[in-house]
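Q: give the three-dimensional model of this entry:
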Amino acid sequence: MTNSWWELQILCDPALEDSIFWRLEDFGSRGTASEGKGDLCLVKAYLPKLPGATLDLELLSSQLHEDAVCVGSPIPTLSCELINEEDWATSWKQYWQPEKIGDRFLINPAWLPIPAAPERLVILLDPGVAFGTGNHATTQLCLESLEKVDFQGKSGQLVADIGCGSGILSIGALLLGAKKVYAVDTDPLAVQSTVSNRDMNRISPVSLVPAEGSVDMVMEGLQEPVDGIVCNILADVIIQLLPQMSNITKPSSWGIFSGILVEQSQTVADALEKNGWIVDNLLKKKEWCCLNVRRSQS
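A: Numbering: from 1, shown residues only. Just a heads-up that it's a prediction; the model follows:
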């Protein structure tokens, strides 16, 4: 374990916040936080200082510059400093407060008390180094889409969560009434985070089954096809995995796909249709979108 961390600070237009989160995840960030600074947004990211490793800040700065130009926003400013591990472990958490999402969910940081008699479904969450705090637009879109699934009318549903991150979508599906979720992620730290959050929310290991890997790992554990898929990753990865995901579904299965920029939505929709899916609706939040789909054989 590293004893020191790089803290990146990016001062940006609020319109760039979500795209910056994605850039930072690809850059290797192990935790992010944001706060308002007047009309601007200050995004902080934390990366471990590993022996012999260097940060290609020039590349990150170039990517941020390109993103800003694409949406017509001012160019973000980037700074970096070294901090102690103890400072990293607590600094990003101070910015994260309980958050209502959709009509039914309350995302509650694990280190904060749960509100008395909450009227919503509470997801206790400590994402650690995994993606999925509920702050990102794509996670919110997926949770809002899950609320529309008829878990009560069609009980006993099996769900696959492809790219589970912190496990927030898996837990959300189970709280809504799913019978079992197979959750996979190629990042072993994300799988650990999903297990930790599963146990924190007192969900049975039989109901939420995390594994390191991708769709192939879901196929190994399945005894019957799944009723639904949630997949919040990147558009090109979704397109690449669609044939495999289609193979683990029923003719009546539904799907929720996000991690997709609005300008990528048509490309993903076309790929879905080629693989036997029909797009029922598209939800948008900022520059991101979520496709709610169903199998065309139903």
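Q: residue boundaries of the helices in the protein?
A: Using DSSP state H, the helices of the chain run over 17-27, 57-71, 85-91, 137-146, 168-176, 188-200, 215-221, 235-247, 265-274.
Q: contacts for the fifth one, please.
A: Residues external to helix 168-176 that are found in contact with it (Cβ atoms under 8 Å, 6 or more residues apart in numbering): 104-105, 107, 121, 123, 125, 127, 132-134, 139, 142-143, 146-147, 149, 151, 159, 161, 164, 181, 183, 194, 197-198, 201, 203, 207-208, 210, 228, 230, 232. (C-beta placed from N, C-alpha, C; glycine too.)
Q: list buried residues within those.
A: Buried positions within the contacts of helix 168-176, assessed by neighbour count (16 or more other Cβ atoms under 10 Å), are 104-105, 107, 121, 123, 125, 127, 132-134, 139, 142-143, 146, 149, 151, 159, 161, 164, 181, 183, 194, 197-198, 201, 203, 208, 210, 228, 230, 232.
Q: hang on, the earlier thing: out of the helices of the chain, deepest packed?
A: Counting by mean count of other Cβ atoms under 10 Å, helix 168-176 has the highest mean neighbour count of the helices of the chain, with a mean of 26.
Q: now do that helix: distance to the chain's middle.
A: 13 Å (Cα atoms, centre = their mean, to the nearest Å).
Q: with just CA atoms, put that helix into PDB.
A: Extracted in PDB, the C-alpha atoms of helix 168-176 (Å, rounded to 0.1, in the frame of the first residue of the first chain):
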ATOM      1  CA  ILE A 168     -24.700   0.400  -6.300                       C
ATOM      2  CA  LEU A 169     -26.900  -0.700  -9.200                       C
ATOM      3  CA  SER A 170     -26.900  -4.300  -8.100                       C
ATOM      4  CA  ILE A 171     -28.000  -3.300  -4.600                       C
ATOM      5  CA  GLY A 172     -30.600  -0.900  -6.100                       C
ATOM      6  CA  ALA A 173     -32.200  -3.700  -8.200                       C
ATOM      7  CA  LEU A 174     -32.400  -6.000  -5.200                       C
ATOM      8  CA  LEU A 175     -34.000  -3.400  -3.000                       C
ATOM      9  CA  LEU A 176     -36.600  -2.900  -5.700                       C
END
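Q: between it and helix 137-146, how big is the angle?
A: Counting by axes from the mean of the first three to the mean of the last three Cα atoms, to 10 degrees, helix 168-176 lies at 20 degrees to helix 137-146.
Q: average pLDDT across helix 168-176?
A: Across helix 168-176, the average pLDDT comes to 96.
Q: stretch 137-153 now?
A: Stretch 137-153 shows an average pLDDT of 92 in the prediction.
Q: which residues are in contact with it?
A: When contacts are defined by Cβ under 8 Å, 6+ apart, stretch 137-153 is touched by residues 18, 101-105, 132-134, 157, 168-169, 172-173, 176-178, 228, 230, 232, 254, 256, 258-260, 283, 285-290, 292.
Q: how does it look with 6 Å?
A: Contacts to stretch 137-153, defined as Cβ atoms under 6 Å, 6 or more residues apart in numbering, come from residues 18, 101-102, 104-105, 132, 157, 169, 172-173, 176-178, 230, 232, 256, 258-259, 283, 285-286, 288, 290, 292.
Q: what comes up buried for stretch 103-123?
A: 104-110, 120-123.
Q: can you list the low-confidence ranges for the stretch 51-200 of the chain?
A: Applying pLDDT under 70 to the stretch 51-200 of the chain flags the ranges 52-53, 85-95, 127-134.
Q: circling back to that earlier point, now the helices of the chain as a markdown table including distance to residue 51?
A: Output for the helices of the chain, formatted as a markdown table (distance: least, Cβ to Cβ, whole Å):
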| stretch | distance to residue 51 |
| --- | --- |
| helix 17-27 | 19 |
| helix 57-71 | 19 |
| helix 85-91 | 15 |
| helix 137-146 | 33 |
| helix 168-176 | 33 |
| helix 188-200 | 19 |
| helix 215-221 | 32 |
| helix 235-247 | 31 |
| helix 265-274 | 40 |
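Q: residue 114 is nearest to which of these?
A: Among the helices of the chain, the nearest to residue 114 by Cβ to Cβ is helix 188-200 (11.4 Å).
Q: can I get that closest one in CSV? Just the C-alpha atoms.
A: Taking C-alpha atoms only, helix 188-200 is exported to CSV below (Å, rounded to 0.1, in the frame of the first residue of the first chain):
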residue,chain,number,x,y,z
PRO,A,188,-10.7,-6.7,-8.8
LEU,A,189,-10.9,-3.6,-6.5
ALA,A,190,-14.4,-3.0,-7.8
VAL,A,191,-15.4,-6.6,-7.0
GLN,A,192,-14.1,-6.1,-3.4
SER,A,193,-16.0,-2.9,-3.1
THR,A,194,-19.2,-4.6,-4.3
VAL,A,195,-18.7,-7.4,-1.7
SER,A,196,-18.1,-4.8,1.0
ASN,A,197,-21.2,-2.8,0.1
ARG,A,198,-23.3,-5.9,-0.2
ASP,A,199,-22.4,-6.9,3.4
MET,A,200,-22.9,-3.4,4.7
